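[1] Prediction below, plus the sequence it came from.
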Amino acid sequence: MLTAIVLIETAPSLIPEVAQAIADLPKVSEVFSVTGDTDLIAMVRVNAHDELADVIANQISKIEGILETRTYIAFQSYSKHDLDAAFGLGFEPVE
């Protein structure tokens, strides 16, 4: 599975509507409204690069109110959520 982090700049007055439109896309797992140099960050999870191109270029970038996107493809995930999921399957931590 490929994970892409998409930084999105929007028209300020349309942030909630743009965020919801992005969140409604099937391959988008999360959308965050953030402070700083970007307005929204979307997490996109796909099985192949061509799917990623479709989601970013043909879906996200065409939503009205989006001014710019920057996409970063993740190589490796280091997440407490991954550990929590493994322990949720019945694995017990070793002490």
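    That came through, no problem. Numbers count the residues shown, from 1 in each chain.
[2] use CA for all of it now, contacts and neighbours both
    OK.
[3] Pass me the low-pLDDT residue ranges in the protein, would you?
    By pLDDT under 70, the low-scoring segments of the chain are 80-95.
[4] mind listing what the residue nearest to the spatial centre of it touches?
    Centroid-nearest residue in the chain, with C-alpha atoms, centre = their mean: residue 43, separated by 1.0 Å. Counting by C-alpha atoms under 8 Å, 6 or more residues apart in numbering, residue 43 touches 3-6, 28-31.
[5] Direction included, what does the helix or strand it falls within pair up with?
    Using DSSP states H and E, residue 43 sits in strand 40-46. Here strand 40-46 is paired, per DSSP bridges, with strand 2-10 (antiparallel), strand 28-33 (antiparallel).
[6] Most tightly packed of these?
    strand 2-10 (a mean of 20; mean count of other C-alpha atoms under 10 Å).
[7] Past that one, which element shows up next along the chain?
    The first helix or strand that comes after strand 2-10 along the chain, using DSSP H and E, is helix 15-23.
[8] Quick one: residues in contact with that next one.
    The contact list for helix 15-23, computed with C-alpha under 8 Å, 6+ apart, reads 10, 28-33, 39-40, 42, 60, 63-66.
[9] Check which residues of it are buried.
    For helix 15-23, the neighbour count (16 or more other C-alpha atoms under 10 Å) marks 15, 18-19, 22-23 as buried.
[10] Out of the strands paired with strand 40-46, which gets nearest to residue 48?
    Closest approach to residue 48 among the strands paired with strand 40-46 (C-alpha to C-alpha): strand 2-10, 6.6 Å.
[11] If I take that closest one and helix 15-23, what angle do their directions form?
    Orientation of strand 2-10 against helix 15-23 (axes from the mean of the first three to the mean of the last three C-alpha atoms, to 10 degrees) gives an angle of 160 degrees.
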